[in-house]
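*Asks:* Below are the sequence and a predicted model; questions follow.
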Amino acid sequence: MSVGDMPLIGMLKTRMHWHQSRQKLLAENVSNADTPGFKPRDLRAPVFSPAGSPLVSGVRLEQTEAGHIAPQPMRGGEDPRDARRFETTPSGNAVNLEDEMLKASQNQQDYALAASLYQKSLQMLRTAVGKRG
C-alpha cells in the first residue's frame, strides 16, 4: 500500500485541492466586484464517505438499462444555491467585498490547517517506519 492510498492522506489531499480551487473562485469574485450583472460563486465542500472517498452527494445514480439516461457529471462541485445577499447594486452586481474577503481569509486558514495535518501525518508515518527527520 502506498502512502497516497491511505484514507487520511487521500482526504487531506482532496481537501487541500478543494481549498485551492475555492481560493481561485473567491479571487474571481473579488476581481469582478465592479462587473455589471456578475453573480458571485462558491464551491460546495467535499463530503467524505466512511471509507474516506469523496462523495458529491449522498445519492449515487446508476444506469441499469441501456435505455436509461446516463448520469451527468456535476459542474465541478459548484454550489448552485444562491448565497444570501443583503445588497445588490443597480448594475445587478451581487458581490459583497466584505463577505468575499472573510471567506477568503477563512479558506486560507482552513488550507493551512489541512496542510499542517498532512505534514504531521507524514512525519508520524516516517517515525513509524523508523526514519527520523
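*Replies:* The structure has been received and is ready for your questions.

*Asks:* Could you use CA atoms for every contact and neighbour count after this?
*Replies:* Noted.

*Asks:* mind checking which helix or strand of this protein has the lowest mean pLDDT?
*Replies:* Every helix and strand of the chain was ranked by mean pLDDT, DSSP states H and E. The lowest is strand 54-55, at a mean of 56.

*Asks:* Check the offset of the helix or strand that comes right after that one from the chain's centre.
*Replies:* Next helix or strand after strand 54-55 toward the C-terminus (DSSP states H and E): helix 97-128. In terms of CA atoms, centre = their mean, to the nearest Å, the centre of helix 97-128 is set 12 Å apart from its chain centre.

*Asks:* List the buried residues of helix 97-128.
*Replies:* Under the neighbour-count criterion of 16 or more other CA atoms under 10 Å, helix 97-128 has Glu100, Lys103, Ala104, Asn107, Gln108, Tyr111, Ala114, Ala115, Tyr118 buried.

*Asks:* Return the distance of the third one relative to Ala114.
*Replies:* Remark: distance between Ala104 and Ala114 (CA to CA, to the nearest Å) = 15 Å.

*Asks:* Find the centremost residue of this protein, please.
*Replies:* Trp18 (3.1 Å; CA atoms, centre = their mean).

*Asks:* what helix or strand is it on?
*Replies:* Short version, using DSSP H and E: Trp18 is in helix 7-31.

*Asks:* quick one: that helix to helix 97-128, angle?
*Replies:* 160 degrees (axes from the mean of the first three to the mean of the last three CA atoms, to 10 degrees).
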